[in-house]
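Student: take this sequence and fold it.
(chains A, B and C)
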Amino acid sequence: MRARYRESTLFLYALGASLLAFVANSVKSLILPSLINGILGFALGSKKIPQKLLAALLVLNAWGAFINGLYFHNVGDEIVSIQAVTIRSGAVESFLILTLRFFLIVGSTLLMLGLVNVRDLIRSLERDLRVPSGIAFSIAYAFRLFPLLSKDLSEIRIARKERGFTSVVLSPKHLRSILLPMLNISYERAVWGGISAELRGLRLRKVSGRKPLGLGDVIILSALALQWVISLYS
Amino acid sequence: MRASRFTSIDLALLAVAGVISGVIFTAAWTIYNVSEVLAGPVGARIISYGLWFMGAPLAASLLKKPLSAFLGEFLGALVETLIAPAGGITNVIYGFAQGLASELGYLTFRYRRWDIISGALAGALAGLPAVGLDAQLFGVVGTPLEMSLWVIAACVSGAIYGAVVSAAALSLRK
Amino acid sequence: MRSAGYRVGEAVLRETGFDGGEGELILVGGASGSGKTTLLLTISGILSSLLGGWVDGSVFIGGEDLLRGDSPASRLVGLVLQDPEKQVLMPTPLDEVLFTLENLGFDESEALTRATELLRSFGLFDKKLDHVETLSGGEKRRLSLASAISHKPYLVMLDEPTASMDPWGIREVRRFVTDLIKEGKTVLIVEHKIKYFLDMADKLVLLSSGRKVSEYSRNELASRDLLKKLRGAGLDVEPVHEMPESPGCKERRIGEVILTVEGLECWHERKKPLLKDVSFELRRGEVLALVGPNGSGKTTLLKTIAGFHKGYSGEIVFRGGVRKAFYVSQTPDYMFLENSVEGELRLAASKTGRSFEVVTGKVPFYEERKHYPPYRLSLGQRRWLTLVIAWAHKPDIILMDEPTAGLDLSLLNSLFEHVRGLSEGGVSFIISTHDPRVLLGLADRSLVIEGGRVKELEPCKAALMLESIAGVY
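Tutor: As a prediction, this is how the structure comes out:
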């Protein structure tokens, strides 16, 4: 079954689901949306995003949630005590809430990333959501540039190593010394890119032909609304 | 619409600022987590938060036009979301709010100063919505004293990194 | 066109005017700095519309003055930039070709039809939705050519198209230009390596210091004397085999073996090796050229020897107390860490223990440029600077990646002098190149990469091979 949908609708979905994460305050209200989005998101996202990265994300977030709980919410009944550290119910609850929020947010984002590719998303943003053409161009150009700048970075690190510097950034001064070459190289590229774009008529650009709302859009948006309702009334 | 006053070159530079800041934003997550263990919440904020505010002063120092700060930060956040969804799409929300705050920084100078000072201010102002959103999202709420410390730490960090990145961008002699 | 410039009162171009007809190829030649690029920017209207420059004069295409009219030149002009990396804007080939069409208001389905047809004819259809960074250098080049003509402009301009192109690419560009001329378009090529288009040109316009110095028609261009005169003006007019003073293949005194590579295999992905069974030796003071098309693995090989590429198996053995191989990238900009030439040299001196005075002594333009940011130097000067920095680190071997891309004849000769001087002092070089001039003027030996394997060939023969691939031999 193919229900037609606009890519930008998924963007709105992810945004809406994440906003829900901000608003929902308890384990009860979060559990359903979080599990749905988390499971679907990680399942779909793992096709495009390397599993190692996803695992690292999970660990990083669990760790952050744990520390957060320990620092800020360690109140209530004692649950367990490890050496000098006492973990109380407050910390556990906050850990759960944060972890559920993480699943909701990251899950819905992965859902979006898993179902659309970036190029179509950018086009949809411009065509359906009426993002200004200039901005849409910047977004598309940024997407084009990203691997190029990654290559720049590794070449710069090679040169730094050769000239006797560490390749790891340890301080703002280091940061500046990596920023400078990256900016310098990209600057020239951007000027010529701008020239290329201007000559090819960027200024005249007007995109028309909005893709009509399809069944898929309706499904996606209703799913979002449903989750909000369920969550807020739990 | 304001955006049409951006030339094609401006738009291309905006993209460059967006990619560079997006990459820095992504790296900032690790730095934050590591420094939180070593230096506590205040220390972590001083060390890492400013990194997340760099998109605005970077873009503004390159373009020197109204709205460039906001767009730079926002675009960086968008890139960050696509590279590594560590914060998921909330990055976009943070980027939006931080971008607006930084834009206000340039506005207070009536869009006439585009230097290290305005860059530092822009970076510093972004600390406010960042801590505010944290409180809402992560329940990072503490005593008024703690919260003020965090806000100050975030703003100081923003000022430092804002100055660093503005200086770098301004030193590009075309 | 009477005059044009970037700043009011400061003219970069003067008294430059010429005509071109349908189906004609106009070559614009001149040394670096003669204003060729400014000319292109002026003709396309970019100078005045985007860069805030001024033009006193007019540019007529098909009866329309480009510079007065309201619509930018987009509909009528197509521009191919020197470096596809600078030109390609969109993430996928399809989007890239569609970009101009969409901007100019073509109807969606027509745009799509044109785009797919174009991609098919350039052999890019299968990759139309892949990210452009996954394309090979040759494919990117083809993409830049395709996207310049998607809207069927009257005038197609190419900015130094052969600057960093390998002979295979040059052959493609020649074919591209020939097809355009057959279709009746006017083609304008700005170059200093005019040798590759001389046989096809209807007109040659010479620029020097921003002025049109002379104009030659096709008949005049056949004369040998004229070619000699042009050579004197710093233009690369003859393919290497016709150059009068080719140093020929000479023997040089070289020292002992300092590097042995045995059975090397390099890859980016273990299962798909780029290079197989590579074995060779390098001697002290020797200049070894590595020849092959873009993407054949030259850079990877150099980086592997320098120790920066870890995906390899086989032996790399340095002998005779040799420790260091310094890699100099094709893009000199990657090497710079400071904001001034002086800063760079001080840094190099302090990190290597050489005296600052000695280091600056090696840079002939030091006094006039010491406060310049390194990125503002000319390409030749930047290359020179990186070579000095490399030398400062006292390496035994310097690995240079395509050092001649974009250099005109005079800069090339200075670079050669510099390298020769260093090699006579005992520094060995491995230079990856697809430029026949390097083979004739610099290389003691050359290795040709073919099908992932390496074969030794005499430099003269290798040079001829390259020129024949390009179509001028």
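
Student: show me where the stretch 301-450 of chain C has its strands.
Tutor: Shown for the stretch 301-450 of chain C, the strands assigned by DSSP state E, counting those that start in this stretch span residues C:312-318, C:325-328, C:397-401, C:428-433, C:445-450.

Student: as JSON lines, these with mean pLDDT and mean neighbour count would be great.
Tutor: Just so you know, the C-beta spots here come from the backbone N, C-alpha and C atoms, and that holds for glycine as well. Compiled in JSON lines, these are given as follows (pLDDT from 0 to 100; neighbours: other Cβ atoms under 10 Å in any protein chain shown):
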{"stretch": "strand C:312-318", "mean pLDDT": "86", "mean neighbour count": "15"}
{"stretch": "strand C:325-328", "mean pLDDT": "90", "mean neighbour count": "24"}
{"stretch": "strand C:397-401", "mean pLDDT": "92", "mean neighbour count": "24"}
{"stretch": "strand C:428-433", "mean pLDDT": "91", "mean neighbour count": "25"}
{"stretch": "strand C:445-450", "mean pLDDT": "89", "mean neighbour count": "19"}
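
Student: doesn't residue C:259 lie inside a strand?
Tutor: Yes. Assessed by DSSP: H, G, I helix; E, B strand; the rest coil, residue C:259 belongs to a strand.

Student: low-confidence bits of chain B, can you list those?
Tutor: B:1-4, B:84-85, B:138-142, B:173-174 (pLDDT under 70).

Student: hang on, I meant the stretch 251-400 of chain C
Tutor: Residue ranges of the stretch 251-400 of chain C with pLDDT under 70: C:251-253.

Student: and the strands of the stretch 301-450 of chain C: which comes nearest chain B?
Tutor: strand C:325-328 (23.4 Å; Cβ to the nearest Cβ).

Student: adjacent strands (with direction) for that closest one?
Tutor: strand C:397-401 (parallel) (DSSP bridges).

Student: show residues contacting the strand it pairs with.
Tutor: Strand C:397-401 has contacts (Cβ atoms under 8 Å, 6 or more residues apart in numbering or on different chains) with C:258-259, C:282, C:298-299, C:302, C:305-306, C:322, C:324-330, C:387, C:390-391, C:419, C:422, C:427-432.

Student: do a quick rundown of the helices in the stretch 101-250 of chain C.
Tutor: With helices called from DSSP state H, counting those that start in this stretch, the stretch 101-250 of chain C shows them at C:108-121, C:137-149, C:167-182, C:224-232.

Student: now do the strands in chain A.
Tutor: A:78-82, A:85-88 (DSSP state E).

Student: could you say which of these is packed most deeply?
Tutor: Highest mean neighbour count among those (mean count of other Cβ atoms under 10 Å in any protein chain shown): strand A:85-88, with a mean of 15.

Student: can that one be said to contact chain B?
Tutor: No. Using Cβ under 8 Å from any Cβ of the partner chain, strand A:85-88 never reaches chain B; the gap is at least 13.6 Å.

Student: may I have that strand as CSV, with CA atoms only?
Tutor: Provided in CSV are the C-alpha atoms of strand A:85-88 (Å, rounded to 0.1, in the frame of the first residue of the first chain):
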residue,chain,number,x,y,z
VAL,A,85,26.4,6.8,46.2
THR,A,86,22.7,6.4,47.2
ILE,A,87,20.3,6.2,44.4
ARG,A,88,16.8,7.4,45.2
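
Student: so which elements touch it?
Tutor: strand A:78-82 (3 or more Cβ pairs under 8 Å, 6 or more residues apart in numbering or on different chains; DSSP states H and E).

Student: so residue C:279 sits against residue C:264, correct?
Tutor: Yes. Counting by Cβ atoms under 8 Å, residue C:279 touches residue C:264, with 7.1 Å between them.

Student: so the two - more neighbours on which side?
Tutor: The neighbour count for residue C:279 versus residue C:264, taken as other Cβ atoms under 10 Å in any protein chain shown, is higher for residue C:264 (21 against 14).

Student: tell me which element the more buried one falls in.
Tutor: strand C:257-269 (DSSP states H and E).

Student: could the strands of chain A be laid out in CSV, adding mean pLDDT?
Tutor: As requested, those are exported to CSV (pLDDT from 0 to 100):
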stretch, mean pLDDT
strand A:78-82, 74
strand A:85-88, 75
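
Student: adding distance to residue C:42, write those strands out as a markdown table.
Tutor: Shown next, in a markdown table, are the strands of chain A (distance: least, Cβ to Cβ, whole Å):
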| stretch | distance to residue C:42 |
| --- | --- |
| strand A:78-82 | 74 |
| strand A:85-88 | 72 |
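
Student: quick one, phi/psi of residue C:289?
Tutor: phi -100, psi 140 (degrees, to the nearest 10).

Student: how much space is there between it and residue C:418?
Tutor: Taking Cβ to Cβ, to the nearest Å as the measure, residue C:289 falls 16 Å from residue C:418.

Student: okay, these two: which has more neighbours?
Tutor: Taking neighbours as other Cβ under 10 Å, residue C:289 and residue C:418 compare with residue C:289 leading, 25 against 17.

Student: that one against residue C:461, yeah?
Tutor: No. In this structure residue C:289 lies outside contact range of residue C:461 using Cβ under 8 Å: 11.9 Å.

Student: what residues sit buried inside the longest helix anywhere in chain A?
Tutor: Longest helix in chain A by number of residues, with DSSP state H as the criterion: helix A:133-162. By 16 or more other Cβ atoms under 10 Å in any protein chain shown, the buried positions in helix A:133-162 come out as A:133-146, A:148-149, A:152-153, A:155-160, A:162.

Student: tell me what angle the helix or strand just after the strand holding residue C:264 forms with strand C:397-401.
Tutor: Counting by DSSP H and E, the element after strand C:257-269 in chain order, helix or strand, is strand C:272-283. Here the directions of strand C:272-283 and strand C:397-401 differ by 140 degrees (axes from the mean of the first three to the mean of the last three Cα atoms, to 10 degrees).

Student: chain center to strand C:272-283, what's the gap?
Tutor: 26 Å (Cα atoms, centre = their mean, to the nearest Å).

Student: check what pLDDT residue 145 gets.
Tutor: Answering for chain A, as no chain was given. On the pLDDT scale, residue A:145 is placed at 93.

Student: correction: the question concerned chain C.
Tutor: In this model, residue C:145 is scored at 92, pLDDT.

Student: now swap in the one 10 residues further on and tell me
Tutor: Reading off the confidence values, residue C:155 has pLDDT 86.

Student: with the one 3 residues further on instead?
Tutor: In the prediction, the pLDDT value recorded for residue C:158 is 92.

Student: ok, now residue C:171?
Tutor: For residue C:171, pLDDT reads 87.

Student: if we can go back for a sec, the longest helix of chain A: how far from the chain's middle?
Tutor: 19 Å.

Student: mind giving me the packing neighbours of it?
Tutor: When contacts are defined as 3+ Cβ pairs under 8 Å, 6+ apart, helix A:133-162 packs onto helix A:118-127, helix A:172-199, helix B:8-48, helix B:68-83, strand C:325-328.

Student: pick the most deeply packed of these.
Tutor: helix B:68-83 (a mean of 27).

Student: which residue packs closest to the residue of chain B found nearest chain A, ignoring adjacent ones?
Tutor: Closest to chain A within chain B is residue B:9: 3.1 Å, counting by Cβ to the nearest Cβ. Of all residues not flanking residue B:9 in the chain, residue A:194 sits nearest, at 3.1 Å (Cβ to Cβ, 6 or more residues apart in numbering or on different chains).

Student: test my guess that that neighbour contacts residue C:50.
Tutor: Yes. Using Cβ under 8 Å, residue A:194 makes contact with residue C:50 at a distance of 7.0 Å.

Student: shared neighbours, the two?
Tutor: Common contacts of residue A:194 and residue C:50 (Cβ under 8 Å, 6+ apart): B:7, B:8, B:9.

Student: dihedrals phi and psi, the residue nearest to the first one when sequence neighbours are not counted?
Tutor: Spatial nearest neighbour of residue B:7, excluding adjacent residues (Cβ to Cβ, 6+ apart): residue C:50 at 6.0 Å. Comment: the main-chain dihedrals of residue C:50 come out as phi -110, psi -40, following degrees, to the nearest 10.
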